[in-house]
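Visitor: Just a sequence and a predicted model for now, questions to come.
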Amino acid sequence: MKAAKKRKLEASGWKVSSVADVLSLSEEEEAYIELKLSLAEGLKELRTKEKITQAELAKKIHSSQPRVAKMEAGDASVSVDLLIKSIFALGATRKDLAKFIS
């Protein structure tokens with residue numbers, strides 16, 4: 001959130017906080033969630049760049065299209081292992097992976 005908007009909301013009596021504050025997440029939990037969301041976003045970016053459908057990616061990783069959709073949405077049921085495996089299945093390198101999480 002932009003600082004000006006935050007000041008305006010607080011001046012109007014609103015309390016502005018982060019998701020981590022509301023959910024009482026530890027720094028480690030927040031970092032893990034951010035990592036997972038970065039991987040999910042990277043997967044979708046790479047898949048669309050390669051012009052591969054969710055169904056085609058699913059076939060490549062021996063999964064289903066709905067599962068790929070969940071992966072790209074950062075669904076809690078999706079493991080970091082599966083996200084990384086899928087990114088590599090699309091031809092990404094370790095350097096590419098590092099870019100997604102940095």
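Guide: Great, that's in hand.
Visitor: C-alpha only now, for contacts and for neighbours.
Guide: Fine.
Visitor: secondary structure element for residue 21?
Guide: With elements delineated by DSSP states H and E, residue 21 resides in helix 19-22, which encompasses its position.
Visitor: pLDDT on stretch 12-20, on average?
Guide: Per-residue pLDDT over stretch 12-20 has a mean of 82.
Visitor: returning to that earlier point: starting at the chain centroid, how far to the helix or strand that the helix holding residue 21 is followed by?
Guide: Toward the C-terminal end, the helix or strand that comes next after helix 19-22 (DSSP H and E) is helix 27-49. Centre-to-centre, helix 27-49 and its host chain are 3 Å apart (C-alpha atoms, centre = their mean, to the nearest Å).
Visitor: Pull out the CA atoms of helix 27-49 and give them to me as CSV.
Guide: Once non-C-alpha atoms are left out, helix 27-49 reads as follows in CSV (Å, rounded to 0.1, in the frame of the first residue of the first chain):
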residue,chain,number,x,y,z
GLU,A,27,8.5,-14.3,10.2
GLU,A,28,9.3,-17.8,9.0
GLU,A,29,5.7,-18.5,8.1
GLU,A,30,5.4,-15.2,6.3
ALA,A,31,8.6,-16.0,4.3
TYR,A,32,7.4,-19.5,3.4
ILE,A,33,4.1,-18.1,2.1
GLU,A,34,5.8,-15.4,0.1
LEU,A,35,8.2,-18.1,-1.3
LYS,A,36,5.3,-20.3,-2.3
LEU,A,37,3.4,-17.5,-4.0
SER,A,38,6.5,-16.4,-5.9
LEU,A,39,7.0,-19.9,-7.2
ALA,A,40,3.3,-20.1,-8.2
GLU,A,41,3.5,-16.8,-10.0
GLY,A,42,6.8,-17.9,-11.7
LEU,A,43,5.2,-21.1,-12.8
LYS,A,44,2.3,-19.3,-14.5
GLU,A,45,4.6,-16.7,-16.1
LEU,A,46,6.9,-19.5,-17.5
ARG,A,47,4.0,-21.6,-18.7
THR,A,48,2.4,-18.7,-20.6
LYS,A,49,5.7,-17.6,-22.0
